[in-house]
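[1] Need coordinates for the following:
(one chain, ligands or ions: 1)
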Amino acid sequence: MSKTIKTVAHSLARKTDAEMLAAAQQFFDLMQARRTVREFSPDPVDPDIIRLAVRAAATAPSGANQQPWSFVAIGDPETKRAIRQAAEEEERAFYQGRAGQEWLGALSPLGTDADKPFLETAPWLIVIFGQRWGTDADGGKVKHYYVPESVSIAIGLLIASLHAAGLATLTHTPSPMGFLNQICGRPDNEKPLVLLVVGHPADNARVPAISRKPERDVLYWKTRS
Ligand code: IYR
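    Numbering: from 1, shown residues only. Got it, this is the predicted structure:
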């Protein structure tokens, strides 16, 4: 590492192998229980949970540590209604043909359609924006690197944090979603990546009977035998 940059001591205490295995197992068990939910309860959720989850998300690694993200947490009924109206307009065009048969076929096991009542029912919507470029002190453009990768990692942490807190999420991506800039009051250099719906599942919430790929289909080892 270059001698010219300022460094501080790394503070993560080393665990034993047994402690690491137990921690990894516990985290896996937690994440294995996560399911995307499309039916939400209107029960309120403390904004401090949203705040902490966003702060956890913003710990994500990012290209050149530029932290190229903005999170907009929406809890007021008027803004949620505006988002639902704009999203459903796009979704109707999507389901009525823009998607094409192949895409609609891929979605059919999920049973989704153009109606998005959860955008109003759920207590919180979090819109995650990626900043295509930043600005310096003089207002000049600063190039950002690996923006989709960085922001996607942050979204993963956000989903994991909210799940750990006991909340359900839905990763919603109305397409196109440029309308979110205007409704959320974000500038043109920011691109919405995901609209995350957050809340408790409805009492009678059901999820599709789908499964995760087995380990052998996702993990390939290259080790000495
Ligand atoms: N944005 C649409 C369609 C949709 C697309 C994918 I890929 C999904 O995994 C789920 C839905 C919608 O929200 O209905």
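[2] Please count neighbours and contacts with C-alpha atoms only from this point.
    Fine.
[3] Up against the ligand, what does the chain have?
    Counting by Cα under 6 Å from any ligand atom, the chain comes close to the ligand at 112-114, 172-175.
[4] Top of the residues you listed by number of neighbours, please.
    The residue in the residues of the chain next to the ligand with the most neighbours, by other Cα atoms under 10 Å, is P174 (21 neighbours).
[5] For Y220, the count of nearby residues, please.
    Applying other Cα under 10 Å, I find that Y220 has 8 neighbouring residues.
[6] Next, count neighbours for the residue nearest to E120 when sequence neighbours are not counted.
    Computed as Cα to Cα, 6 or more residues apart in numbering, the closest residue to E120 that is not its neighbour in sequence is K80, at 5.4 Å. The local packing of K80 (other Cα under 10 Å) involves 20 other residues.
[7] Could you do the one 4 residues further on as well?
    Other residues near R84 number 19, with proximity taken as other Cα under 10 Å.
[8] so where do the helices sit in this structure?
    With DSSP state H as the criterion, the chain has helices at 17-32, 47-57, 77-93, 101-107, 118-121, 147-165, 179-184.
[9] Quick one: closest of these to G130.
    Closest of those to G130 is helix 147-165, at 6.1 Å (criterion: Cα to Cα).
[10] Show me what the closest one is packed against.
    The helices and strands touching helix 147-165, judged by 3 or more Cα pairs under 8 Å, 6 or more residues apart in numbering; DSSP states H and E, are helix 17-32, helix 47-57, strand 124-131, strand 168-172.
[11] quick one, that helix and helix 17-32 angle?
    90 degrees (axes from the mean of the first three to the mean of the last three Cα atoms, to 10 degrees).
[12] Between strand 168-172 and helix 147-165, find me the angle.
    160 degrees.
[13] Pull out the buried residues from helix 147-165.
    Within helix 147-165, the residues that qualify as buried are 147-148, 150-155, 157-164, counting by 16 or more other Cα atoms under 10 Å.
[14] Just give me the residue closest to the centre of the protein.
    By Cα atoms, centre = their mean, the chain has its centre lying nearest to I155, at 3.5 Å.
[15] got a list of what whatever residue of the chain ends up closest to the ligand touches?
    Using Cα to the nearest ligand atom, P174 is the residue of the chain that sits closest to the ligand, at 4.2 Å. Residues in contact with P174 (Cα atoms under 8 Å, 6 or more residues apart in numbering) are 87, 90-91, 195.
[16] again, 7 Å this time
    By Cα atoms under 7 Å, 6 or more residues apart in numbering, P174 lies in contact with 87, 90-91.
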